[in-house]
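In: just a sequence and a predicted model for now, questions to come.
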Amino acid sequence: MKFATIVLAISLFASGTTLAAEKHNHGHDHKPLHGGIVVESKDMDYELVAKPDLLQLYLRDHGKPMDVSKASAKITLLAGTEKQEIELKPSGNSLEAKGQFKISAGTKAVAQVNIAGKMSSVRFTLK
């Protein structure tokens, strides 16, 4: 009887692991489409393109571009001891801001995104 219980437990564990792996495959890539860094959170892909004079945040839901016309975001850049907060506004198919930004390898970026009243927080580490 104990052997059957052990076999059943191993089978359930193995099938649970397989289901978890399959569950994560959403049928779309998480590759950058605009040369930025992609982070996935709750079936959404957030791609941050960070340049010294331009920040762009692209949103994809299950691989499809999101309408950002009514969205907004605030990005906090953390470079060493320096902190910079930037408001992003809709511009075409991304949320963006123009200005002068402290962008270097290792800079941390925290994006707080508001889409139709729902807030999301996403973290990036720039390369």
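Out: The structure has been received and is ready for your questions. Residues are numbered from 1 along each chain as shown.
In: ok, whichever strand or helix holds residue 109: who's next to it in the sheet?
Out: Here residue 109 sits within strand 108-115, counting by DSSP states H and E. Using DSSP bridges, the neighbouring strands of strand 108-115 in the sheet come out as strand 71-79 (antiparallel), strand 118-125 (antiparallel).
In: deepest in the core, which of those strands is it.
Out: strand 71-79 (a mean of 18; mean count of other CB atoms under 10 Å). Just so you know, the C-beta spots here come from the backbone N, C-alpha and C atoms, and that holds for glycine as well.
In: residues in contact with the helix or strand just after that strand?
Out: Using DSSP H and E, the next helix or strand after strand 71-79 towards the C-terminus is strand 82-91. Strand 82-91 is contacted from outside by 55-57, 68-77, 95-97, 99, 101-102, 111, using CB atoms under 8 Å, 6 or more residues apart in numbering.
In: check stretch 116-127 too.
Out: Against stretch 116-127 from outside (CB under 8 Å, 6+ apart): 37, 39, 41-42, 44, 46, 48, 50, 70-71, 103-113.
In: what ranges of the chain fall below the confidence cut-off?
Out: Applying pLDDT under 70 to the chain picks out residues 1-30, 32, 34.
In: at 90 what do you get?
Out: Residue ranges of the chain with pLDDT under 90: 1-35, 41-43, 62-63, 80, 102, 116-117, 127.
In: most centrally placed residue in it?
Out: residue 39 (2.8 Å; CA atoms, centre = their mean).
In: partners of that residue in the sheet?
Out: residue 46.
In: list the contacts for it?
Out: Residue 39 touches 45, 46, 48, 122, 123, 124, counting by CB under 8 Å, 6+ apart.
In: and the furthest pair within the residues you listed?
Out: Pairwise distances across the contacts of residue 39 peak at 14.1 Å for 45 and 123 (criterion: CB to CB).
In: which residues does the closest residue to residue 110 other than its chain neighbours bridge with?
Out: Nearest residue to residue 110, sequence neighbours excluded (CB to CB, 6 or more residues apart in numbering): residue 76, at 4.6 Å. Bridge pairing for residue 76 (DSSP bridges) gives the partners residue 85, residue 110.
In: I'm done for today, thanks for sticking with me.
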